[in-house]
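J.: predicted model follows, preceded by the sequence.
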Amino acid sequence: RPPPTRPSSPTAIAVWSAVDGIDKRETTTMAEVFVRGLPFDLYGPELEEVFGEVGPVKKAAVIHEKRTAATPEGEWPASRGFGYVTFALAGDAARCVTMLHGKVIRGRKISVTVSEKKPTQQELKAAKAAKQAKAAEDSTARPGDWECPSCGMNVFAKKKACYKCG
């Protein structure tokens, strides 16, 4: 089965995930919020209930520790104190930030922000290359300095070998 086509909306983000060797495509809009400062005994259904007062919630997830902890209900993974809530509409996410940011839940003040897309490895590499190119443009070589033929770095005249690649 071919994967779905890239979303046409500029606010849509395509996220690829490999599960069981099969690529699945999940499309999310900017309707996701990041919540920090959650009580450590709060779990997904309760989070969905709290944020459901703003608008319809598609998914609410509290991030947990890998190990389990003893709770009154039995053995459960301990919450790490943050999570994500995905709303059906992007407008609900924006309204959620204004309504629930700073709200106190079980004695803890929560912080709510619109979730941002995590950059891909390719985007990170491109940004790093652009930063290095700008630094090379801005740097002024002194008389006698030389450029390494392998990596293109500017090396001081008194050095016999490149400091980056040897």
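T.: Happy to help now that I have it.
J.: give me the helix or strand of the chain that scores worst on average pLDDT.
T.: Ranking every helix and strand in the chain by mean pLDDT, DSSP states H and E puts strand 13-19 at the bottom, with a mean of 33.
J.: taking the centroid of this structure, which residue is nearest it?
T.: K118 (3.8 Å; C-alpha atoms, centre = their mean).
J.: let me see the mean pLDDT of the longest helix belonging to the chain.
T.: As assigned by DSSP state H, the longest helix anywhere in the chain is helix 121-138. Mean per-residue pLDDT for helix 121-138: 82.
J.: try stretch 158-166
T.: 84.
J.: so where's this structure uncertain?
T.: Within the chain, the stretches with pLDDT under 70 are 1-30, 68-77, 138-140.
J.: one more time with 90
T.: For the chain, applying pLDDT under 90 flags the ranges 1-31, 39-50, 52-55, 59-81, 88-94, 96, 100, 105-106, 114-160, 162-166.
J.: hey, where'd the strands end up in it?
T.: For the chain, strands defined by DSSP state E occupy the ranges 13-19, 22-28, 32-36, 57-71, 74-87, 104-105, 108-109, 111-114, 146-147, 154-155.
J.: each with direction, which strands does the fourth one pair with?
T.: This means strand 57-71. Within its sheet, and counting by DSSP bridges, strand 57-71 is paired with strand 74-87 (antiparallel).
J.: ok, and what's touching the partner strand?
T.: 28, 31-44, 47-48, 51, 54-69, 93, 96, 108, 115 (C-beta atoms under 8 Å, 6 or more residues apart in numbering). The C-beta positions use only the backbone N, C-alpha and C, and glycine is treated the same way.
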